[in-house]
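Peer 1: prediction below, plus the sequence it came from.
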Amino acid sequence: MLFTTSLQKIKGVGPKTVEMFSAANLHTTEDLITFLPRTHEDFTDIVSIADITPGKKTIKARCEKIATRPVRRGLRITTATLADETGKLQAVWFNQPYRATQLAGDEEFYFSGEFEYNYNKYQLSNPSAEKVSDMPVQTDRLLPVYRQVKGLKTQLVRKIIAELKPLITMMPETLPDWIIKQQKLMSRADAYTNIHFPKTIDDVQRARERLGFEELFHLLLASQLNKQENAKLEGWHIPFEQSIVAGFVQKLPFELTGAQRRAAWQLIQDFERKVPMNRMLQGDVGSGKTVVAGLAARQACYHGFQTALMAPTEILASQHAETLSKLLQPFGVSVGLLTGSVKGQARGVLYDQIAKGSVDVVVGTHALIQEKVQFHKLGFVVIDEQHRFGVQQRQELLKKSEHMPHLLAMTATPIPRSLALTVYGELDVSVLNELPKGRKPIATKLWSPNSRAQLYEKVDEQIKQGRQAYVICSLIDDNPDNDIKSVESEYNKLRNSVFKHRKIGLLHGKMKSEEKDAVMTLFSSGELDILVSTTVVEVGVDVPNSTIMIIENADRFGLSQLHQLRGRVGRSVHQSYCYLVMSDSSKPSERLKEIEKSNDGFYLAEVDLRLRGPGEIYGRSQHGALNLEVASLADTQLIARAQQSARKFAEDPENLIQYKQLAMQVQKYQRLTTLN
Ligand code: ADP
Ligand code: MG
């Protein structure tokens, strides 16, 4: 048997089974070998019913009695009496009525679950059940649990994979020997053997370490190679013009922070190099990223280059267009806005101006990457809140120039170092680690829903002093329509009662963009006192006069998201406040208490990464595309080790020639993560 052999050659696999595997995209023996268990059930530690103590436990027993009853809508409880020679106990399952059929008869099962005190008695909760007669001998009762292959019983999948054991032991090594030695890893054959047929939990862990290492190694190597390739590209040369930059800085209504100066200087130096800029500008909310990009755009424009700035929402795009207009118009730089709501003739005219080069800076949403948009001479691309964009979209934008334009990605979501390495490893990074002068930390407080009246007084107090307020509500459930309803009812409630005497606006994602713009304009110009909104204001919205924010159902948000939301206030010299109202009056979680204590986005992102995983920070879509099967992006240690090996490997170009298969794997990731 070979690794390319089709599954029907395996003993006990008929055409029906082949079909089922095929539907799950499993065709060859290799496909099946690399089909990894989701987890392992530990049946090594079996206790008798008489000896059972609370905790995760496995017993070997028969089911004597089983019945299902509805408790309320959406909840059915199945209760069974399980018995072995030493005694009996009760097991319960929630919404698993099929257990009655599964456990009928006189068969013996291994039941694994949490033995705990619930509803006034000890019982085994939601145990898994495996027929004793189905237990393969090879596993020593540590059973691999595979992702469901539709139409096939788990036991059958296990049996078929067991047939491949001899083949698995012959799997060729894919990592260089020196890496295996240096990192003290299992061989590839051992890793697959151990993950399918482990004897101990330690076997599983070491196998996962090896396979996870390899995944991360590929990803990080891809990023190293992208960086090398980027260094060979030819970009636009945009010389530094001291008087131009000085003129821009003089006209600013404020003094740049030291961090802004340093970042701006880095951009200007990048412009001067042959190699195109490939830089990320990271700065906590309110650190003033836009003006840094504006300064660079001014420099680019002076030399006849266009700048494109892409923002994730229309609100943000129009706000950026306005800010940049104010900054740049005094120098005769023209700024255009291209979003979905620019329609008909106006759109045609704008396309034309962009193509002719009579618009110098084009700000927009992903409308910018449409085919019809042709630039005259695109020299500089800025992407705001870039983790919200797919890699694909970035590439589209970069294609619109004959030379590779300089690229600046700006993000306020602080990305923990480990994550940044895997995903943005090829980018240079500038950090704005300093807030503009005079900013006071936002005072944040968790708040019980029972004492809203006091909160509204605080809001009114701020408005009396001429300030503005946000009330954020959302995420009542997963249905956006319901979220809209909740924001609308909150809006109506406030408008018709406590804040009758104030001017209130409503903002949510389902409004037409003209409506959104109109509301935002009213709010920015101070004509509204309160903005009741969903999380559409989360990124970037900048109304410095607002100083107080109420976030309803705060416990439903991630810390990074709360931090982003909170960053809409605290944008001026006035003391600002953020009140996080809990869904109920129970004790707030440790996680939420963190945001009360800390104003540091980096720290909060680390906490989120630890507690909620990378999707929360990085944005689900791109993380999904990376599709790591074994490794976790939260495993900073393994990432650091893989990074070390990837750097070493990339140093010698001969390596890629020698390890052909590895090179192929890496190319796949390179395409996925490159900016070029
Ligand atoms: P972010 O980094 O969150 O995108 P913005 O670029 O929106 O921040 O800037 C936040 C606010 O701070 C804006 O109103 C901007 O005009 C102002 N700002 C930027 N730099 C400074 C500075 N050096 N001093 C004072 N205010 C500044
Ligand atoms: Mg911003």
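Peer 2: Perfect, thanks for sending it. Ligands and ions are numbered 1, 2, ... in the order given.
Peer 1: close to ligand 1: what parts of the protein are there?
Peer 2: 254-257, 260, 283, 285-291, 412, 436, 540, 542, 544, 571 (CB under 6 Å from any ligand atom). Placement of C-beta: from N, CA and C, glycine included.
Peer 1: where exactly do the strands run in the stretch 451-600 of the chain?
Peer 2: Per DSSP state E, counting those that start in this stretch, the stretch 451-600 of the chain carries strands over the ranges 468-472, 504-507, 530-533, 546-551, 577-581.
Peer 1: want to try CSV for the ones you listed, with distance to Gly379 and mean pLDDT as columns?
Peer 2: Below are the strands of the stretch 451-600 of the chain laid out as CSV (distance: least, CB to CB, whole Å; pLDDT from 0 to 100):
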stretch, distance to Gly379, mean pLDDT
strand 468-472, 37, 96
strand 504-507, 35, 94
strand 530-533, 36, 95
strand 546-551, 35, 96
strand 577-581, 40, 95
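Peer 1: any idea which of those is most buried?
Peer 2: Scoring these by mean neighbour count under mean count of other CB atoms under 10 Å gives strand 530-533 as the most buried, with a mean of 28.
Peer 1: residues near the residue in the stretch 301-450 of the chain that ligand 1 sits nearest to, how many?
Peer 2: Across the stretch 301-450 of the chain, no residue is closer to ligand 1 than Pro436, which sits at 3.1 Å (CB to the nearest ligand atom). Pro436: 19 surrounding residues under other CB atoms under 10 Å.
Peer 1: related to what we said a few turns ago, so which of the residues of the chain next to ligand 1 belong to helices?
Peer 2: 260, 289-291 (DSSP state H).
Peer 1: and the two most separated of these?
Peer 2: Using CB to CB, the two most remote members of these are Gln260 and Thr290, lying 10.3 Å apart.
Peer 1: output stretch 449-468 as PDB, nothing but the C-alphas.
Peer 2: Provided in PDB are the C-alpha atoms of stretch 449-468 (Å, rounded to 0.1, in the frame of the first residue of the first chain):
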ATOM      1  CA  PRO A 449     -28.300  47.200  35.600                       C
ATOM      2  CA  ASN A 450     -30.400  48.100  38.700                       C
ATOM      3  CA  SER A 451     -28.900  51.600  39.100                       C
ATOM      4  CA  ARG A 452     -29.200  53.100  35.700                       C
ATOM      5  CA  ALA A 453     -30.900  56.200  37.000                       C
ATOM      6  CA  GLN A 454     -27.600  57.400  38.600                       C
ATOM      7  CA  LEU A 455     -25.800  56.700  35.300                       C
ATOM      8  CA  TYR A 456     -28.300  58.900  33.400                       C
ATOM      9  CA  GLU A 457     -27.600  61.700  35.900                       C
ATOM     10  CA  LYS A 458     -23.900  61.400  35.200                       C
ATOM     11  CA  VAL A 459     -24.600  61.700  31.500                       C
ATOM     12  CA  ASP A 460     -26.900  64.700  31.900                       C
ATOM     13  CA  GLU A 461     -24.200  66.300  34.100                       C
ATOM     14  CA  GLN A 462     -21.700  66.000  31.200                       C
ATOM     15  CA  ILE A 463     -24.100  67.400  28.700                       C
ATOM     16  CA  LYS A 464     -24.800  70.400  30.900                       C
ATOM     17  CA  GLN A 465     -21.100  71.100  30.700                       C
ATOM     18  CA  GLY A 466     -21.300  71.100  26.900                       C
ATOM     19  CA  ARG A 467     -20.000  67.500  26.400                       C
ATOM     20  CA  GLN A 468     -21.600  64.600  24.400                       C
END
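Peer 1: what's in contact with that stretch?
Peer 2: With CB atoms under 8 Å, 6 or more residues apart in numbering as the test, stretch 449-468 has contacts from 447, 469, 471, 498-499, 502, 523, 526, 528-531, 543, 545-548, 550, 574, 577, 579, 581-585.
Peer 1: for Leu324, what are its contacts?
Peer 2: Leu324 neighbours (CB under 8 Å, 6+ apart): 290, 294, 297, 309, 335, 361, 363.
Peer 1: rerun that using 10 Å as the cut-off
Peer 2: Neighbour list for Leu324: 290-291, 293-294, 297-298, 307, 309, 333, 335, 337, 360-361, 363, 382 [criterion: CB atoms under 10 Å, 6 or more residues apart in numbering].
Peer 1: Glu490 and Gly526: what is the separation?
Peer 2: Distance check for Glu490 against Gly526: by CB to CB, to the nearest Å, it reads 22 Å.
Peer 1: the more surrounded of these two?
Peer 2: The neighbour comparison of Glu490 against Gly526 (other CB under 10 Å) goes to Glu490, with 19 against 14.
Peer 1: which element, helix or strand, includes the residue lying closest to Met186 once chain neighbours are set aside?
Peer 2: Of all residues not flanking Met186 in the chain, Arg210 sits nearest, at 4.4 Å (CB to CB, 6 or more residues apart in numbering). If you go by DSSP states H and E, Arg210 is part of helix 201-232.
Peer 1: buried set for that helix?
Peer 2: Buried residues in helix 201-232, counting neighbours by 16 or more other CB atoms under 10 Å, are found at 203-204, 206-227, 230.
Peer 1: low-scoring stretches of the chain, by residue?
Peer 2: Residues of the chain meeting the criterion pLDDT under 70: 135-141, 386-395, 397-398, 414-425, 475-485, 538-540, 612-627, 671-676.
Peer 1: I figured Leu528 hits Lys503, correct?
Peer 2: Yes. Judged on CB atoms under 10 Å, Leu528 makes contact with Lys503 at a distance of 5.0 Å.
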